[in-house]
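Novice: Provide a 3D model corresponding to the input given below.
(chains A and B)
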Amino acid sequence: MDRVKPRLGAALLRLFVVQGSWNYDRLIGVGVGIAEEPLLRELRSGPDNGAAYRAAVARGARFFNSHPYLAGMAVGAAARAELDGAPPEQIERLRAALCGPLGALGDRLVWTGWLPLLSAATLAALALGAGWWGVLAFLVIYNLGHVALRWWALQAGWAAGTQVVGALRNPVLQRGLGAVVPAVALVFGFALPLVVRWLVQPFRLPGAIACGVVAVVGLALLRWQPGRIASLWLGLAAVLVAAAGGWLWR
Amino acid sequence: MTVLEIVLLLGWGTLVGVDLVSVGQLMIARPIVAGTIAGLLIGEVEAGIRLGLIFELFQFDILPFGAVRYPEYGPGTVAGVAATHLIGRPDAWGIGAGVGLVIGVFAGASLHWLREANARAVRRAAPALEAGDVRVLARVHLGGLGRDMRRAAGITALGLLTAWLVSRDAAALPPHVLVATSAAAAGGALAAGVAGLFRLIGSRRNLRWLAAGLAAGTAVLWIA
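Specialist: Residues are numbered from 1 along each chain as shown, chains lettered A, B, ... in the order given. The predicted structure is shown next:
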């Protein structure tokens, strides 16, 4: 095992491009296969002339989907199971079983938690005049959490192998899941008045009123018809109507 | 805009484009980062931060779950900053936001095309992949990375071209048109951000936290 452990670093580096060939057939499967391959090289020296290695590589590159930051858990666990000689069917079941939980956990923890939390904090910092230092702080703090999560996931998968589902019950993760959305609500709430003031500051009263009207009507439309009206089209329509209206009202 | 500035923005927009999905996901693709750095590169930090903040609010309304299709605001933000810089007038950032939103539509569509192209490459290589051929596996993956890099560069180039075309006419617009478009962009962004937040926080219990945050933010506003 000691000979394999340093290759965790290679697998981690490859995990940073795990979505490089994202496609509708295998989703991130090919990227997972790429990340898993360094961990499987032990199998090349087997008595079967590398057949086990090639079979493991092929399995690793099949359909897979998860949150990209947590894909390492599946990579580590599947590679460990391959090296431990687990039956192919068990490895396939393991991969299939991990798809849902790793996707849901990562989405909740990162896309609806860590990322919007820091994004809202950065909005507040910028509205208070932090300038580009606020953006730099966002990048550094976000990526400390991001890289730590990727590394933890890979190590946890590698350590647990087929027993990896237990790692998902990590108490720190569970507490984080419970706290992160209220924290987003709190920090976004804090940021909102500051951002509103900062956005309307350049305008005189008519401009500020126009901004407020667009915001209220837009929010009502987005809440009234969620999924049918996209914020992008709403924003674009507002800008075009304003441009046309302003042009006509000369 | 100088040739150096164009090259810098093209390079930055490409990095921003590949960061969204393919490489790193370090969040340089977030508008707040993409816009601020674009502003730094061409000496328009204020416009960069302003457009970054506006598109960051639009981004709040996007949850990139699984295979869902969504607009891409990173290169759009870079294009918006370029347009604002080229117009070179106060309050031109509303027009910049409009340019960025248009590019966001094309960038989002290009992600779908990229995924389909990757799927075709995977289908062509399926027999070799099923045989565990590592070279083919690497080729398919690197092919996807290369495709995304070309996509991101193309979208950024389209954004810069659009910014240049729009700026030629927008430079002569009356001031109140610039104010109106900026107010509309800011209002639209606020609507998107708050709508996205409501989707995110869901339950009533979290509304209490939102209210507490609003109270604290208002107090700071009062004091500052």
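Novice: and the helix or strand harbouring A:G9, C-alpha only, in CSV?
Specialist: Assessed by DSSP states H and E, A:G9 sits inside helix A:7-15. In CSV, the C-alpha atoms belonging to helix A:7-15 read as follows (Å, rounded to 0.1, in the frame of the first residue of the first chain):
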residue,chain,number,x,y,z
ARG,A,7,-0.1,8.4,-6.2
LEU,A,8,-3.0,10.0,-4.3
GLY,A,9,-1.3,13.3,-5.1
ALA,A,10,-1.5,12.5,-8.8
ALA,A,11,-5.1,11.4,-8.5
LEU,A,12,-5.9,14.7,-6.6
LEU,A,13,-4.3,16.8,-9.4
ARG,A,14,-6.3,14.9,-12.0
LEU,A,15,-9.5,15.5,-10.0
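Novice: near chain B, anything from stretch A:125-135?
Specialist: Yes: Stretch A:125-135 reaches chain B (CB under 8 Å from any CB of the partner chain) through A:126-128, A:131-132, A:135. C-betas here are computed from N, CA, C, even on glycine.
Novice: mean confidence score for that stretch?
Specialist: Mean pLDDT, computed over stretch A:125-135, is 94.
Novice: pull out the buried positions in that stretch.
Specialist: For stretch A:125-135, burial by neighbour count (16 or more other CB atoms under 10 Å in any protein chain shown) applies to A:125-128, A:130, A:132, A:134-135.
Novice: likewise for stretch A:23-37?
Specialist: A:23, A:25-37.
Novice: over to stretch B:6-17?
Specialist: Under 16+ other CB under 10 Å, the buried positions of stretch B:6-17 are B:8-10, B:12-17.
Novice: how confident was the prediction at the closest residue to A:L102 other than its chain neighbours?
Specialist: Leaving aside its chain neighbours, A:L102 sits nearest to A:S66 (3.5 Å; criterion: CB to CB, 6 or more residues apart in numbering or on different chains). At A:S66, the model reports a pLDDT of 95.
Novice: try the one 3 residues further on
Specialist: At A:Y69, the model reports a pLDDT of 97.
Novice: likewise for the one 4 residues further on?
Specialist: As summarised for this prediction, A:M73 has a pLDDT of 96.
Novice: do B:A152 as well
Specialist: For B:A152, the model assigns a pLDDT of 98.
Novice: give me the neighbour count for it.
Specialist: Burial of B:A152 is recorded as 30 neighbouring residues (other CB atoms under 10 Å in any protein chain shown).
Novice: before we move on, back to that, list phi and psi for the residue nearest to A:L102.
Specialist: phi -170, psi 180 (degrees, to the nearest 10).
Novice: that one contacts A:G106, doesn't it?
Specialist: Yes: counting by CB atoms under 8 Å, A:S66 does reach A:G106; the two are 6.6 Å apart.
Novice: between these two, which one's more packed in?
Specialist: Per other CB under 10 Å, whichever of A:S66 and A:G106 has more neighbours is A:S66, with 28 against 23.
Novice: which residues does that one contact?
Specialist: Applying CB atoms under 8 Å, 6 or more residues apart in numbering or on different chains, we find A:S66 in contact with A:28, A:73-74, A:98-99, A:102-103, A:106.
Novice: can you check A:A11 too?
Specialist: For A:A11, the contacting residues are A:35-36, A:38-39, A:72, A:75-76, A:79, A:154, by CB under 8 Å, 6+ apart.
Novice: hmm, try it at 6 Å
Specialist: A:35, A:38-39, A:75 (CB atoms under 6 Å, 6 or more residues apart in numbering or on different chains).
Novice: quick one on the thing from earlier: want to try JSON lines for the residues of stretch A:125-135 next to chain B, with secondary structure as columns?
Specialist: Shown next, in JSON lines, are the residues of stretch A:125-135 next to chain B (DSSP: H, G, I helix; E, B strand; the rest coil):
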{"residue": "A:L126", "secondary structure": "helix"}
{"residue": "A:A127", "secondary structure": "helix"}
{"residue": "A:L128", "secondary structure": "coil"}
{"residue": "A:G131", "secondary structure": "coil"}
{"residue": "A:W132", "secondary structure": "helix"}
{"residue": "A:V135", "secondary structure": "helix"}
